[in-house]
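Asks: Quick check, what structure comes out for this input:
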Amino acid sequence: MSLLPYYLATIDWIVTLAPRGSDKIVHTYVGLAIWLGAAVVLRRPLGGRLPLLMVIVAELANETADYWGRAHWQWHDTQGDLIATLFWPFVLFAAIRWLPWLTRRG
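Replies: Next comes the predicted model:
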C-alpha cells in the first residue's frame, strides 16, 4: 500500500484552502514552519545550519513525491516551488548568522 496518493491528495486539499489556490503561498508558509519547527524540536539556533537543512530536505522530498506521483512534471513549476519554500528561511538564516547586531541583547 502506497501512501503517495494520500500525501498528494492532502497537499492538493491544503492548496485549495490557500488564497486563490496558490501553492506558492503554501510553500512559503510551510518552509517557514519547518525551519522554525526544526529549530525548536532539534533545540538548535535559527542561525544554525541544521534547521535550514531540514527545510531543504523536506522540499526535495516534496518535489520527489510530485515527480513520482503526478503524470506531468514541469521544471519551471519545481523551480518556483523551491524558491518559494527556501527564500524566507534562507534570508532570515543569513540575517541572523551574518548580521550579529540583529541578535545582540542589551
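
Asks: Check the residue positioned nearest the centre of the chain and give its pLDDT.
Replies: Per Cα atoms, centre = their mean, the C-alpha nearest to the average position across the chain is that of residue 31, at 2.6 Å. Listed pLDDT for residue 31 reads 96.

Asks: which residues sit in contact with it?
Replies: 55, 59, 84, 85, 86, 87, 88, 89 (Cβ atoms under 8 Å, 6 or more residues apart in numbering). Backbone N, C-alpha and C define where each C-beta goes, glycine included.

Asks: so where is this protein shaky, pLDDT-wise?
Replies: Along the chain, segments meeting pLDDT under 70 span 1, 21, 102-106.

Asks: hey, where'd the helices end up in it?
Replies: Using DSSP state H, the helices found in the chain span residues 4-17, 23-42, 49-69, 75-98.

Asks: who does the third one touch, helix- and strand-wise?
Replies: For helix 49-69, the helices and strands in contact under the criterion 3 or more Cβ pairs under 8 Å, 6 or more residues apart in numbering; DSSP states H and E are helix 4-17, helix 23-42, helix 75-98.

Asks: With distance to residue 49 added, can I get the ones you listed in JSON lines?
Replies: Compiled in JSON lines, those are given as follows (distance: least, Cβ to Cβ, whole Å):
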{"stretch": "helix 4-17", "distance to residue 49": "27"}
{"stretch": "helix 23-42", "distance to residue 49": "11"}
{"stretch": "helix 75-98", "distance to residue 49": "8"}
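
Asks: Most tightly packed of the ones you listed?
Replies: Counting by mean count of other Cβ atoms under 10 Å, helix 23-42 has the highest mean neighbour count of the helices and strands packed on helix 49-69, with a mean of 17.

Asks: Would you mind getting the angle between that helix and helix 49-69?
Replies: Here the directions of helix 23-42 and helix 49-69 differ by 140 degrees (axes from the mean of the first three to the mean of the last three Cα atoms, to 10 degrees).

Asks: got the angle between helix 23-42 and helix 75-98?
Replies: On the basis of the same axes, to 10 degrees, helix 23-42 is oriented at 40 degrees to helix 75-98.

Asks: Output helix 23-42 in PDB, but only the C-alpha positions, please.
Replies: This file holds the C-alpha atoms of helix 23-42, laid out as PDB (Å, rounded to 0.1, in the frame of the first residue of the first chain):
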ATOM      1  CA  ASP A  23       0.600  26.700  -4.000                       C
ATOM      2  CA  LYS A  24       3.500  29.200  -3.700                       C
ATOM      3  CA  ILE A  25       1.900  30.800  -0.700                       C
ATOM      4  CA  VAL A  26       1.600  27.400   0.900                       C
ATOM      5  CA  HIS A  27       5.300  26.600   0.100                       C
ATOM      6  CA  THR A  28       6.300  29.900   1.700                       C
ATOM      7  CA  TYR A  29       4.400  29.200   5.000                       C
ATOM      8  CA  VAL A  30       5.400  25.600   5.200                       C
ATOM      9  CA  GLY A  31       9.000  26.400   4.600                       C
ATOM     10  CA  LEU A  32       9.000  28.900   7.500                       C
ATOM     11  CA  ALA A  33       7.100  26.500   9.700                       C
ATOM     12  CA  ILE A  34       9.600  23.700   9.000                       C
ATOM     13  CA  TRP A  35      12.500  26.000   9.700                       C
ATOM     14  CA  LEU A  36      11.100  27.200  13.000                       C
ATOM     15  CA  GLY A  37       9.800  23.800  14.000                       C
ATOM     16  CA  ALA A  38      13.100  22.100  13.300                       C
ATOM     17  CA  ALA A  39      14.900  24.700  15.400                       C
ATOM     18  CA  VAL A  40      12.500  24.100  18.300                       C
ATOM     19  CA  VAL A  41      12.400  20.300  18.100                       C
ATOM     20  CA  LEU A  42      16.200  19.900  17.500                       C
END
